[in-house]
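Asker: Quick one, fold the following:
(chains A, B, C and D)
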Number of protein chains: 2
Amino acid sequence: MWNSEGVDAISVRPARIQDVAAAAGVSVSTVSNVLNRPERVNARTAERVRDAVAALDYVPHPGAAGLRTGHSSSIGLVLPDVANSFYSRIARGAADAAYEHGYSLVLCDSGDAPEREQGYFTMLVEQRAVGAVVVPLSADPTRLSRLRERGIPLVLADRAMPAQEGCSVSVDDIAGGRIAVQHLLDRGARDVLVVNGERTIRQCADRYQGARQAVRTRREARLGQVVAEEMTVAYGSEIAHSLDELPDGVFCTNDFLAAGLCRALGERGVKIPEDVQVVGYGDLDIASFVGTTLTTVRQPVEELGRAAVEMLLDEVEARAEHAHEARVFAPGLVLRDSTRASSDAPF
Amino acid sequence: MWNSEGVDAISVRPARIQDVAAAAGVSVSTVSNVLNRPERVNARTAERVRDAVAALDYVPHPGAAGLRTGHSSSIGLVLPDVANSFYSRIARGAADAAYEHGYSLVLCDSGDAPEREQGYFTMLVEQRAVGAVVVPLSADPTRLSRLRERGIPLVLADRAMPAQEGCSVSVDDIAGGRIAVQHLLDRGARDVLVVNGERTIRQCADRYQGARQAVRTRREARLGQVVAEEMTVAYGSEIAHSLDELPDGVFCTNDFLAAGLCRALGERGVKIPEDVQVVGYGDLDIASFVGTTLTTVRQPVEELGRAAVEMLLDEVEARAEHAHEARVFAPGLVLRDSTRASSDAPF
DNA sequence: GGCTGCGCATAAAACGTTTTCCGCACCGCT
DNA sequence: AGCGGTGCGGAAAACGTTTTATGCGCAGCC
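Answerer: Residues are numbered from 1 along each chain as shown, chains lettered A, B, ... in the order given. Presented below is the predicted three-dimensional model:
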């Protein structure tokens, strides 16, 4: 009645493989063969079939196919919070890779709730997901058992795992700490302070270890450390105010800390980078938005997501000859004003 | 051989409904009934069945079920880029809602590529997705036809749509512009400048319209506008430098612009908020990280994602009595230093 | 005592694929 | 003529569910 013509489509039943077979004057098996193993069928017949497919706008039903073949074509991506930019960048890389390989990505945002993470694991088991990329809430390996015991392959992201247990991808935080401090030393700093987060956090401990390694290469260099309760702008600022004697180089293990520290130093009349050089970590948005833009350590996070999916698919598709691998990515340094002597206006 | 005992699980075939039936000494239909319409079956039998389910750790195969019932339980989320915080917040809200209702969310990141967006539409059609939430690349409605003609219900996000075409969710940008400027006027500003983006962008046009509405309520107030080529920190800064005479209130239609503008004004020796009050838009991370934190307009973005999914599910589950709706959300004001007279240290 | 109706459980037919045979026609060879 | 290939195409059996149509026993009612 008042419907325009497009709307009648909502009642049309999608074409099945049978319909295609009928239209092309062949059997269903032939249609299936044309679609999945074209080499098995005569070129002329194949052509006829493909015409029919196009004419009917046939799209195969992967659910039905999966029923027969035993596996779906979706992979799970489990992470604590997509709204967090670190995780959303992982998601981006994973989505790209999944798309390129023709898999669909199921977004499982555990919202920092362990029971919800478990719920998603169950859901993935139900769906017979072909595998999962997991950025786990905690390092506790038993939480992964639900997937393990169902034989769903998984790749851990941002968390290393003994290689025989499965694949994992992560960034080399020790190297990150090393290049950050190395850079400060290269630019003449001799008295380096590390503004760190809680050392129980693996990343923080690693970055500090890297810093120590860098300092060891120079006789005359000294390293200090101060630990912030939380890695926020506010604490970075507070630490800058509480400093008695100034170092000539500061390595903040997080860009928030660095941003707060830079601002507070500025308020104290300290010039950056002339008096103190500062390196941050993470290349978060804030690093380039802040007054004096931050030299910082950039992590190839999208690569992490992409690699995780690709390793997962290798495991899925190769099965037998797949060897587990713990891939670690190298971070890189992004040079900006906070360690650059001549600061040409970046805009 | 060298495998620990957990590993044999990878070969165990998941229990089917048949196995449960056998274990409970009933027929498959009874098991199915226990699971889907418990009221149809005797309480004692149901109990036996449930025990068997638990004992075998049976999980139903939604693919197979979907084959029979004709629809899957997954919904698509199509957006231009999850790494962009606006979209990732939508994703977060959508994921929460989907989880609560027992649906799984398929992440479709079109990466700003129209053909990839189409590819995802095709994929969703294949999977017989029950519906989709779409943040479209452009307003061109024909791109959605692929889903439409297959009768897949969809909800548009961040983009209004004639209500009879389907549901949509969006934020009221006119109201956003209005409250921003209203706030400036309330705090005594009389000469208000709007730093806007390209007016071909609907959001920009709307926010400016809201600004005009607010100014109209005060006889003595005046409104000016300057348009930035891009809505970035750099352009905000540039505009601040190019200003001849200063207004006493500035409304930037984006926090990046506001951040750049504030910094540049500071460099010119202008005090914020004493000399000029500034309001941003979006409540992006940058708004609270920047030197003088930004008063800004906050959009309930997670709510957008959540509502979109819920409206979609209403359409899916109610079918007949569902009425399309174009829901628009009200933005709110977040008060921070850039319009606050007495600036107590926020830390 | 034969009906009807009710409460419960089951058998069997779908759903749309893939894949394993198997058959058929044709070819070239002894 | 008989034989083994080979190249193509088809029939039919799975895959794991849901759902429709029955079946069966038993109570209540004329």
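Asker: just checking, what's the longest helix in chain A?
Answerer: helix A:301-318 (DSSP state H).
Asker: helices or strands up against it?
Answerer: Under the contact definition 3 or more CB pairs under 8 Å, 6 or more residues apart in numbering or on different chains; DSSP states H and E, helix A:301-318 sits against strand A:74-79, helix A:85-100, strand A:131-134, strand A:154-157, strand A:167-171, strand A:326-329. Where you see a C-beta, it was placed from the backbone N, CA and C, and this is true even at glycine.
Asker: what's the following helix or strand after the strand or helix carrying A:I239?
Answerer: Using DSSP states H and E, A:I239 falls within helix A:233-242. Next helix or strand after helix A:233-242 toward the C-terminus (DSSP H and E): strand A:249-252.
Asker: Off-centre distance for that following strand?
Answerer: Using CA atoms, centre = their mean, to the nearest Å, the mean C-alpha position of strand A:249-252 is found 26 Å from that of the whole chain.
Asker: domains of chain A?
Answerer: Chain A breaks down into these domains under automatic domain parsing: A:5-60, A:73-171+A:302-329, A:173-299.
Asker: DNA strand D: which of these is closest?
Answerer: Minimum separation from DNA strand D across these (CB to the nearest atom of the strand) falls at domain A:5-60, 3.4 Å.
Asker: Quick one: distance of that closest one to the chain centre.
Answerer: Centroid separation for domain A:5-60 versus its chain: 39 Å, with CA atoms, centre = their mean.
Asker: can the helix or strand containing A:D51 be found next to chain B?
Answerer: If you go by DSSP H and E, A:D51 is part of helix A:43-56. No - Helix A:43-56 stays clear of chain B (CB under 8 Å from any CB of the partner chain), getting no nearer than 12.9 Å.
Asker: Buried residues in that helix, which are they?
Answerer: In terms of neighbour count (16 or more other CB atoms under 10 Å in any protein chain shown), helix A:43-56 has its buried residues at A:T45, A:A46, A:R48, A:V49, A:R50, A:A52, A:V53, A:L56.
Asker: can you check stretch A:240-260 too?
Answerer: So for stretch A:240-260, counting by 16+ other CB under 10 Å, buried means A:240, A:243, A:247-260.
Asker: Most widely separated two among those residues?
Answerer: Within those, two members stand farthest from each other by CB to CB: A:D248 and A:F256, at 22.4 Å.
Asker: Give me the helices and strands touching the helix or strand bottoming out on mean pLDDT in chain A, please.
Answerer: Scoring the helices and strands of chain A by mean pLDDT, DSSP states H and E places helix A:145-148 at the bottom, with a mean of 76. Under the contact definition 3+ CB pairs under 8 Å, 6+ apart, helix A:145-148 sits against helix A:114-126.
Asker: helix/strand/coil for A:L193?
Answerer: What DSSP: H, G, I helix; E, B strand; the rest coil gives for A:L193 is strand.
Asker: Next, count neighbours for it.
Answerer: For A:L193, the neighbour count with other CB atoms under 10 Å in any protein chain shown is 26.
Asker: now swap in the one 5 residues further on and tell me
Answerer: Applying other CB under 10 Å, we find 12 residues neighbouring A:E198.
Asker: Could you do the one 10 residues further on as well?
Answerer: Taking other CB under 10 Å as the neighbour definition, A:Y208 ends up with a count of 23.
Asker: So it is in contact with A:I174, correct?
Answerer: No - counting by CB atoms under 8 Å, A:Y208 sits too far from A:I174 to count as a contact (9.1 Å).
Asker: coming back round to it: which one of the buried residues of helix A:43-56 is nearest B:E149?
Answerer: Closest to B:E149, out of all of these and judged by CB to CB, is A:L56, at 13.3 Å.
Asker: Grab the nearest non-local neighbour of the closest one.
Answerer: Nearest non-adjacent residue to A:L56, counting by CB to CB, 6 or more residues apart in numbering or on different chains: A:A15, 4.0 Å away.
Asker: which bits of chain A sit near DNA strand D?
Answerer: A:25-30, A:40-42, A:44-46, A:64, A:67-68, A:70 (CB under 7 Å from any atom of the strand).
Asker: quick one: which of those sit in strands?
Answerer: Using DSSP state E, no member of these falls in strands.
Asker: quick revisit: select, out of the domains of chain A, the one closest to DNA strand C.
Answerer: The minimum distance between DNA strand C and the domains of chain A falls on domain A:5-60, with 3.0 Å, by CB to the nearest atom of the strand.
Asker: Please identify which pair of the residues of chain A next to DNA strand D lies farthest apart.
Answerer: The distance between the two most remote of the residues of chain A next to DNA strand D (CB to CB) is 33.1 Å, for A:R44 and A:G70.
Asker: Which secondary structure element is home to A:L107?
Answerer: Per DSSP H and E, A:L107 falls inside strand A:104-109.
Asker: ok, that strand near chain B or not?
Answerer: Yes - under the criterion of CB under 8 Å from any CB, strand A:104-109 makes contact with chain B via A:S104, A:L105, A:V106, A:L107, A:C108, A:D109.
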